[in-house]
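Q: coords below, sequence missing:
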């Protein structure tokens, strides 16, 4: 077969070949489908195989630069052969790179071969989305997996970007049931850099919430263990009406209270070393993130802020309680809870070896079991902590920023394992921004 000379045809062949690789197939270009009578063997432009070494392809693609007379010969060289000679593919994708709307050939060819899992796509007009959508649908007949991130990265390249609606195609893959357990985490990762995908993430989380969050699965530490409270808090804060916000808040409270025989986040020390470490070293940060992301939802504050109070009561005055106390101080001031603020203030003043900076910028995470006070705090001499009003003004001046994106903070927390070692400043920005917005 003659090589393609026009850029549109070459680009489509390259895009189809890369799509096959992304979907996990062995890809061959210019694959011969018959023995030569003279000259070169008749070949198809791209063939996808289940694995290397297979004799017959699962899917074949013919690319035409234009809808010319020559295109009528391409399906003939496949469908005219006996099955003993060439086993028919699961699907034959015949693609026209440029226009074709005014030609009768595509219509006539589909009428002739359409019963043989054959279809023509006029990519030069508006059917590139149909092409990849049908490819994914046929792929789902063979496999149930897809690498969403790799698919996204291909669809935003020059090979496909101006031809397809990549967001729509990603959702099509989700609806086909491909890699269900990776759909939400992949959309979180993609949404970090592409805001067009975020509404789809909301749709996926909302749908999965009705299935008990069966497919809300992450490999990261925070995502793997605490994705449900983080996501529900964010959607609570982003909801545009009270009923929707209340629904997400109630869902989070149900998770906290009813998932096991005891609250999910509570200072029940002694269950395991890892859980003790979490309660003292990371739970205050997680609670702060959820309250900030929820736009300081009243019911979530009433549920989770007392967890920090109870933690201080349980551990007594020791450096292991400082993480909880400092975050409680900020939360108390941000939600205008004088009792919580004074409880934390009193606790911190009893522990003198702190600096002002330790109070204004809490630690990102703390390891009580493996670390020491000096590993997490600068240290100094804490003489006083200002009143709640003065403390709030001090924090607002330091942390309120116009370019704050709490959504970005939440997405990174779910996706980036290293973030918990450096996120304290962002948590403060999120909290004090939410507090300022709440007071408006």
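A: Alright, I've got the coordinates. Given the structure is predicted, the values throughout are model-derived calculations rather than measurements. Numbering: from 1, shown residues only.

Q: quick check, central residue of this structure?
A: Nearest to the mean C-alpha position of the chain, counting by C-alpha atoms, centre = their mean, stands residue 188 at 1.6 Å.

Q: helices and strands around the helix or strand hosting it, which ones?
A: Taking DSSP states H and E as the definition, residue 188 sits inside helix 180-191. In terms of contacts (3 or more C-beta pairs under 8 Å, 6 or more residues apart in numbering; DSSP states H and E), helix 180-191 is packed against helix 148-155, helix 166-175, helix 198-209, helix 406-415. Where C-beta positions appear, they are placed from N, C-alpha and C, glycine not excepted.

Q: packing partners of the last one?
A: Right, helix 406-415. With contacts taken as 3+ C-beta pairs under 8 Å, 6+ apart, helix 406-415 sits against helix 180-191, helix 221-238, helix 283-293, helix 424-439.

Q: what's the first one in contact with?
A: For helix 180-191, contacts defined as C-beta atoms under 8 Å, 6 or more residues apart in numbering pick out 148-149, 152, 170, 173-174, 179, 197-198, 200-201, 204-205, 208, 215-219, 223, 411, 414-415.

Q: beyond the helix or strand that residue 94 is a member of, next helix or strand please.
A: Here residue 94 sits within strand 91-96, counting by DSSP H and E. Using DSSP H and E, the helix or strand that follows strand 91-96 in sequence is helix 105-113.

Q: just the buried positions in that following helix, please.
A: Neighbour-count burial for helix 105-113 flags 105, 106, 109, 113 (criterion: 16 or more other C-beta atoms under 10 Å).

Q: OK, contacts around the last one?
A: Neighbour list for residue 113: 75, 79, 92 [criterion: C-beta under 8 Å, 6+ apart].

Q: that older thread, of the contacts of helix 180-191, which count as buried by neighbour count?
A: 148-149, 152, 170, 173-174, 179, 197-198, 200-201, 204-205, 208, 215-218, 223, 411, 414-415.

Q: quick one on the thing from earlier: most tightly packed of the helices and strands packed on helix 406-415?
A: Counting by mean count of other C-beta atoms under 10 Å, helix 283-293 has the highest mean neighbour count of the helices and strands packed on helix 406-415, with a mean of 25.

Q: and that one, how far from the chain's centre?
A: Averaged C-alpha coordinates place helix 283-293 at 20 Å from its chain's average position (C-alpha atoms, centre = their mean, to the nearest Å).

Q: other SSEs contacting that helix?
A: For helix 283-293, the elements it packs on are helix 221-238, helix 298-315, helix 322-334, helix 406-415, helix 424-439, judged by 3+ C-beta pairs under 8 Å, 6+ apart.

Q: thinking again about what came up before, could the buried residues of helix 105-113 be laid out in JSON lines, adding distance to residue 398?
A: Below are these laid out as JSON lines (distance: C-beta to C-beta, whole Å):
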{"residue": "105", "distance to residue 398": "69"}
{"residue": "106", "distance to residue 398": "65"}
{"residue": "109", "distance to residue 398": "69"}
{"residue": "113", "distance to residue 398": "69"}
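
Q: quick one: which of those residues is nearest residue 326?
A: Closest approach between these and residue 326, by C-beta to C-beta: residue 106, at 68.5 Å.

Q: so what's the closest one scoring on pLDDT?
A: pLDDT, residue 106: 70.

Q: okay, now the unreliable bits of the chain?
A: 1-6, 36-40, 99-104, 114, 125, 402, 440 (pLDDT under 70).

Q: thinking again about what came up before, of the helices and strands packed on helix 283-293, which is nearest residue 130?
A: helix 406-415 (31.3 Å).

Q: for the closest one, buried residues please.
A: Under 16+ other C-beta under 10 Å, the buried positions of helix 406-415 are 406, 407, 408, 409, 410, 411, 412, 413, 414, 415.

Q: residue contacts, the nearest residue to residue 68 once chain neighbours are set aside?
A: Spatially, and ignoring its direct neighbours in sequence, residue 68 is nearest to residue 105 (7.8 Å; C-beta to C-beta, 6 or more residues apart in numbering). Counting by C-beta under 8 Å, 6+ apart, residue 105 touches 67, 68, 69, 71, 72.

Q: for those residues, which one is nearest residue 306?
A: residue 67 (70.4 Å).

Q: number of residues surrounding that closest one?
A: Neighbour count of residue 67, defined by other C-beta atoms under 10 Å: 24.

Q: equivalent analysis for residue 261, please.
A: 5.

Q: and it, how far is that from residue 126?
A: 56 Å (C-beta to C-beta, to the nearest Å).

Q: over to residue 331?
A: Shown here: residue 331 relative to residue 126, a distance of 53 Å by C-beta to C-beta.

Q: in terms of neighbours, single out the busier of those two.
A: Set residue 331 next to residue 126 and count neighbours by other C-beta under 10 Å: residue 331 wins out with 25 against 11.

Q: now that one, nearest residue through space, not along the chain?
A: In space, residue 331 is closest to residue 305, 5.5 Å off (C-beta to C-beta, 6+ apart).

Q: tabulate the helices and strands packed on helix 406-415 (CSV), appending distance to residue 85.
A: Output for those, formatted as CSV (distance: least, C-beta to C-beta, whole Å):
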stretch, distance to residue 85
helix 180-191, 40
helix 221-238, 52
helix 283-293, 62
helix 424-439, 64
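
Q: quick one: closest of these to residue 375.
A: Once the helices and strands packed on helix 406-415 are compared by C-beta to C-beta, helix 424-439 is nearest, at 14.5 Å.

Q: so which residues make contact with the closest one?
A: By C-beta under 8 Å, 6+ apart, helix 424-439 touches 237, 285, 288-289, 291-296, 330-331, 334-335, 361-364, 392, 395-396, 398-401, 404, 406, 409.
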